[in-house]
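Visitor: Got a predicted structure here, sequence first:
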Amino acid sequence: MGGTVRIRMNFGKSLKSPKSSPPSSSVPPTSSSVPPTSSSIPPTRVSLPELPAVDCPCGVARRWLSGDDRFPGTVHLTEITEAAKVHYHKRQTEVYVILQCQPGALIELNGQTHPVDVETAICIPPGVRHRAVGRMKVLIICTPDFDPDDEYFDEPS
């Protein structure tokens, strides 16, 4: 299987991603070409497992950068349990990166399940009902900043 993989995200662009990308011709900015601003977050290191644990619809999350106006999102280390609940967000986009999972683990997106494995990444735009199926540990990048009031559950029928 060769060719091109198309990725559609809620940003309104279709990205083409060849199996092997040619080197980029753009030069990354250097520290001298990007002036620091008072709104920039300084280089920071944190041990995610040492952050306080909070219950969430998926299991237990450890959230970093929440409420820090200098960063446009939140990073979560989440231990997902078998009791994960289907939910959705109206404003937030989440990217799940699977760090660990049991064999046969799945992600459910709008009622359809998809297999996942270690190092799988899933982009979940606003409005997509989702849950992880099976025990796993995931890194979740949430943008804009995580807001627990932006978690919605469909009423049982």
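Guide: Noted; the coordinates are in hand.
Visitor: in stretch 133-144, what's buried?
Guide: Residues of stretch 133-144 classed as buried: 133-134, 136-138, 140-142 (neighbour count, 16 or more other C-beta atoms under 10 Å). C-beta coordinates here come from the backbone N, C-alpha and C atoms, glycine included.
Visitor: Sticking with the residue most central in space within the chain, tell me its helix or strand.
Guide: Geometric centre of the chain, nearest residue: Val95, 2.0 Å, by C-alpha atoms, centre = their mean. If you go by DSSP states H and E, Val95 is part of strand 93-101.
Visitor: next helix or strand past that strand?
Guide: Trace forward from strand 93-101 with DSSP H and E and the next one is strand 106-109.
Visitor: quick one: strands adjacent to that following strand?
Guide: strand 112-115 (antiparallel), strand 130-133 (antiparallel) (DSSP bridges).
Visitor: Out of those strands, which gets nearest to Val60?
Guide: Among the strands paired with strand 106-109, strand 130-133 comes nearest to Val60, with 12.7 Å by C-beta to C-beta.
Visitor: How far away from the center of its chain is the closest one?
Guide: Taking C-alpha atoms, centre = their mean, to the nearest Å, one finds the center of strand 130-133 at 13 Å from the center of the full chain.
Visitor: quick check: mean pLDDT across that strand?
Guide: Mean pLDDT, computed over strand 130-133, is 96.
Visitor: This completes my enquiry, with thanks.
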